[in-house]
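Q: I'd like to go over a predicted model; first the sequence, then the structure.
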Amino acid sequence: MTGNAPHWLLETGCGGTITLRVCAHRQGERLEILAELAGECAQIAFEPHVSGWLSIAAMYCGQEVFRAWLDRPFEEYELWPEGATIPGGRTIDSPGRIGKRRNWINLTAAAWPQLARFANAAGIVAAIEAEAPMVERPDGP
């Protein structure tokens, strides 16, 4: 979520608008957001880990349904599932990526099977930040 970007578009699976709302934020310690899609809500928590990675966990109906580890080795951010073996030198693409401007995200359902209902035929879940509404400008000063 960049700056104040509360609306994202799910481009795959069922589609729709994902609304994000910050619930709690302790700078450098924990960020909790509420994500809503078609009336269903999940709470997502971001916490730095002593390893230098960022832990991301999503809870739905009181159960953890998603966990990923975020790193930024290059311009884009990489997401890896819990327990993944990450090859030295990053010789393969990560199963999840976030753009350097943090305005798009792609995840593979192969790495996170619980996301399969949101994936396209290639098994990819993709969401982009919804563009801000256009503001009409007057013709003259």
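A: It's in.
Q: How much space separates the residue nearest the centre of the chain from Gly89?
A: The residue lying closest to the centre of the chain (C-alpha atoms, centre = their mean) is Ile105, at 5.6 Å. Ile105 sits 24 Å away from Gly89, going by C-beta to C-beta, to the nearest Å. Glycine gets a C-beta too; all of them are placed from N, C-alpha and C.
Q: Next: Ala38.
A: Relative to Gly89, Ala38 is positioned 41 Å away (C-beta to C-beta).
Q: Compare these two and say which is more crowded by neighbours.
A: Between Ala38 and Gly89, counting by other C-beta atoms under 10 Å, Ala38 is the more crowded of the two (10 against 7).
Q: Give the closest residue to that one in space, chain neighbours not counted.
A: Closest residue to Ala38 apart from its sequence neighbours, by C-beta to C-beta, 6 or more residues apart in numbering: Gly16 at 5.4 Å.
Q: So for Ile92, what's the pLDDT?
A: Predicted confidence (pLDDT) for Ile92: 83.
Q: likewise Ala24?
A: What the model reports for Ala24 is a pLDDT of 94.
Q: Can you say which helix or strand has it in it?
A: strand 16-26 (DSSP states H and E).
Q: Show me which residues of the next helix or strand after that strand are buried.
A: Using DSSP H and E, the helix or strand that follows strand 16-26 in sequence is strand 30-37. Buried residues in strand 30-37, counted by 16 or more other C-beta atoms under 10 Å: Leu31, Glu32, Ile33, Ala35, Leu37.
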